[in-house]
Each structure stands twice: as C-alpha cells, then as structure tokens.
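> Would you be able to build a 3D model of this:
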Amino acid sequence: MTGRPADAQVGDALADRIVRLGRALQLRGIDVALSEVIDASRAATLIDLGSRSELRTALKATMIKDPLHVEAFDAAFDRLFPSRRADMGGGSTTDEPAADPVGRLVDGTDLAGLAADLVDDHAGLDGELRGERHHMHRVYRAADLARLMSEARKLDPNLPVDELRRRLEELKRLIAADIRGQIGETDPTDIIGDIEDVDFLEASRNELEEIRAAIKPLARRLASRFARRRQARNSGRVNLRRTARKSLATGGVPIDVATNRPRAHRPNLWVLCDISGSVAEFSLFTLSLMSALSAEVQRTRSFVFVDAIDDITQLLDATDHGIEPWQIMRNTNVIGADGHSDYGAVFKQWWDETGRTELRSSSTVIITGDARNNYRDTEVGILAEIAARAKRVYWLNPEPRDEWDDGDSVMSTYADHCHEVFEVRNLRQLATCVEQIL
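Model (predicted):
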C-alpha cells in the first residue's frame, strides 16, 4: 500500500493547526475571517518551516489586526506550536544549574536559553509528570521573579523598568511554552475571558494590570453589599423605652418608633503577606482590596515577608497601593538569612517584635501565601499562640488545593491552627473569601 508523501502529510497537519489557531482566537472574541485563515495557510508555504519564529510572524501578520490581540495570539500559538528549545541556538546541554540568571536577564539576548535552563533545573519533568500548571508553578517559585527583577535593577539601574518587565513576561511565556512542548499540547480553547476568573499565578503582565484596575470597583460592590446587610439588620426589635421618650414630643403618639440596632462588626485587622516568587502579586491584590474596604475595618496593619518580615502600612498609604513586588523588595527588610521563604522564622519574628504586645482578642489575622517553607522549622507553636490570642486567623493560599502539602508545602500543618483556610486562585475567589471574613 502506497502512503501519501511525507511533505503532504506535514502540510495537512500544519493546515489543521492553523485552522485550530483561528478557532481559538475566535473563541477569545477576536475577529478572524475564513479568508484570513486561508491567507495564513498560504503564508506558511512561503517561509522556512524550520524556524518557529518565522512561522509565528507569518501567522500573526495574517490573522491579527489589533495590537491588543497580540498577547492572546501568542498564548494560543504557544499551545498549538510548542517546541523544545526553539530558536535557542542550541541552548545549554549540561546538567549544571542555570548560570547567572540575573545577568542573563539584564543582557536579554538569550531568554529562551535561560527559560530552558530554568525548566531543566526546577520543573521536575524528569520525575512524575503532572499538569502543565504544576510544573510552571515549580519554576516560577524557584526563579522568584520579583527578586530576579529587583536584583536586575540593582545590576543595571539604567535599564528601563518597562523593558525589564517585558523581558520577564517573555521569560514566563518561554517557560510555559517549553514545559508545554515537553509534556504534550493542551487544548488552546481553554482561555478564560472574565478577568475575575484569571488565575493569579498564571496571569500575564496585561492581565495583572487588568486585575489591579478591577480591585477598586470590586471593593465598591462589596461595600455596597455590606451596607445593604447593615440596613437590613437595622430593622431590629422595637425599643419601648426609647419609643415612649420620643413620643413625648408628639403628645404621647408613637409616631417615631425606635428599634434596637446592633453595632456593626468592624474587625481590627492584621495582614501578613508572603511576597516571594509568584505569590507576590496575589498578596498585593489582597492588601489593596483590604485597603479599599477601609470603611469596613477599624484598623489595618500590613506586613510583608520572605524570610524576614517588615511593616509596610505607611509605605502602602504613601503610594496609594501603586507599588510592585520588586519595589517592595528594594524598600523593605524582608530578606533575612538567604532570601528563601521561611514561614517559621517569620512567625517567630513577628510574634516577638509585634504580636506578643499588640495583638488583641478582638483582632483578625489574615495570612497569605503558599505555605512552602523550604523544609525548614515550621514554628507551628508560634502560630498556635497567635490563634489563641486573636479572635480569628484565616489563611489565603493561591495554589490549587490538590497541590497543598506537595513537596515543601506544609499547609495542613498550619491549617490546624487557623479558623479557616481558603483556596484563592483568582479575583472572584478573593472577593468571596474577603466577604466571608468581614
């Protein structure tokens, strides 16, 4: 039996992927006409298919008309056309750890090679293969992008911040593409449209900006909901004594009926946020939301930590929460011994310096972070003392619940001393848990 020519089979497979790419973009709300898909297929026959960058450029030129849609195109393209070490010029082939990631980020000429080295070192693909998200989170945690950006700024203060951000976003995209290429492609249509449902730990720079912009409108909606509930509570039982006193002005006729109105609960709030690695943005979103709900909170003290903890209440107020994780790294003392997460050391420091003398029985404590303690002493007894002193202790974890206690995570150890723990992977879940807490 004579088979079809190999180049014809390749052409059919490529055409099929281009059609699927067009469909994925359409599902994202991007106008891609059938004629443009045909043009893209024709363009693919005129380029060197051995170059993934040429293919990306050709398809983007024929399918994308609005610069705002480039990010969605790149995400869909990377899912449909994954390639290990594509356009890397060979990359590193040794088993040595990624050399000088800060210097390579500042140089910016081999981000693909850096991404491949970080994946090799930290993704855990040589062991049990799990979901794409799991391996991406492993690399993001180990690379600690907020610290990487801070160190890059120190190494080259003249490098524009916007350019450094662009390189970090490109590095994240390349890491995801490399992992995807090794574990097999996933469905390119699983892109979430609503910004409130975007996973904090997977959000792009543009999506992070959209989430940040959505914080205040979300806070207004929550505040309005709280106000309606207070108004409903205000219609309590009739207070006969106060009603009788008011009726004296109307000749004994009880025109103005007085009711017993319960006092609104406004917690005294302490917020302790891990700003290491990929959880940094999530922690700042939590701080911003709590600040925007200040009318519902009597007093808020905000702390951030990595392996040491620092009070940033005044810093947040001075910047109106317009501050990024790498800026906090540079303006606070959150790096202690080695700059790797150490929840035990942080709890002990906070309790000795602040909690022991200032925490009250009316206080609510919110802790945000992934509870990944790098196999160090948990000092769980300190958290038990905090829980015994405070009215409530809540923990917000941005990782999927099925990854808690995986590797160096000690979530269950700490959860035993919290009144409640929440999986908070997106803005919708954050709003739900904050509403429940307040």
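> Just list what the longest helix seen in the chain packs against, helices and strands only.
Criterion DSSP state H: the longest helix present in the chain is helix 205-234. Here helix 205-234 touches helix 161-183, helix 280-292, helix 427-437, going by 3 or more CB pairs under 8 Å, 6 or more residues apart in numbering; DSSP states H and E. Placement of C-beta: from N, CA and C, glycine included.
> helices or strands up against the second one?
Here helix 280-292 is seen to pack against helix 205-234, strand 268-274, strand 299-305, helix 325-331, strand 363-368, helix 427-437 when contacts are counted using 3+ CB pairs under 8 Å, 6+ apart.
> doesn't residue 99 fall inside a strand?
No. Membership of residue 99 in a strand is not supported by DSSP: H, G, I helix; E, B strand; the rest coil, which gives coil.
> Low-confidence stretches in this structure?
The model of the chain has pLDDT under 70 over residues 1-12, 82-98, 128-129, 184-194, 226-237, 239, 251-255, 257-267, 294-297, 321-322.
> Turn the helices and strands packed on helix 280-292 into JSON lines, including mean neighbour count.
Listed next are the helices and strands packed on helix 280-292 as JSON lines, based on neighbours: other CB atoms under 10 Å:
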{"stretch": "helix 205-234", "mean neighbour count": "14"}
{"stretch": "strand 268-274", "mean neighbour count": "23"}
{"stretch": "strand 299-305", "mean neighbour count": "21"}
{"stretch": "helix 325-331", "mean neighbour count": "20"}
{"stretch": "strand 363-368", "mean neighbour count": "24"}
{"stretch": "helix 427-437", "mean neighbour count": "18"}
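> For residue 171, find the nearest of those.
Residue 171 sits nearest to helix 205-234 of all the helices and strands packed on helix 280-292, at 11.2 Å, using CB to CB.
> Just the angle for that closest one relative to helix 161-183, thanks.
For helix 205-234 against helix 161-183, the angle by axes from the mean of the first three to the mean of the last three CA atoms, to 10 degrees is 100 degrees.
> Quick check: which of the helices and strands packed on helix 205-234 is buried the most?
Stretch with highest mean neighbour count among these: helix 280-292 (a mean of 23; mean count of other CB atoms under 10 Å).
> Name the surrounding residues that touch that helix.
With CB atoms under 8 Å, 6 or more residues apart in numbering as the test, helix 280-292 has contacts from 145-146, 200-201, 203, 208, 211-212, 215-216, 218-220, 269, 271, 273-275, 297, 300, 302, 304, 316, 321, 323-325, 328, 366, 368-369, 396, 398, 424, 427, 430-431, 434.
> now swap in stretch 62-70 and tell me
So stretch 62-70 is contacted by 21-22, 25, 28, 30-32, 36-37, 39-40, 43, 60, 73 (CB under 8 Å, 6+ apart).
> Break this structure down into its domains, please.
What automatic domain parsing lists as the domains of the chain is 6-80, 207-232+264-437.
> TSV for those domains, including distance to residue 112?
Output for the domains of the chain, formatted as TSV (distance: least, CB to CB, whole Å):
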stretch	distance to residue 112
domain 6-80	10
domain 207-232+264-437	20
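> Give me whichever of the ones you listed is most buried.
Neighbour counts (mean count of other CB under 10 Å) averaged over each of the domains of the chain peak at domain 207-232+264-437, with a mean of 18.
> what about it, distance to the chain center?
13 Å (CA atoms, centre = their mean, to the nearest Å).
> Let me have the helices and strands packed on helix 205-234 in a markdown table, adding distance to residue 405 as columns.
Shown next, in a markdown table, are the helices and strands packed on helix 205-234 (distance: least, CB to CB, whole Å):
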| stretch | distance to residue 405 |
| --- | --- |
| helix 161-183 | 22 |
| helix 280-292 | 19 |
| helix 427-437 | 20 |
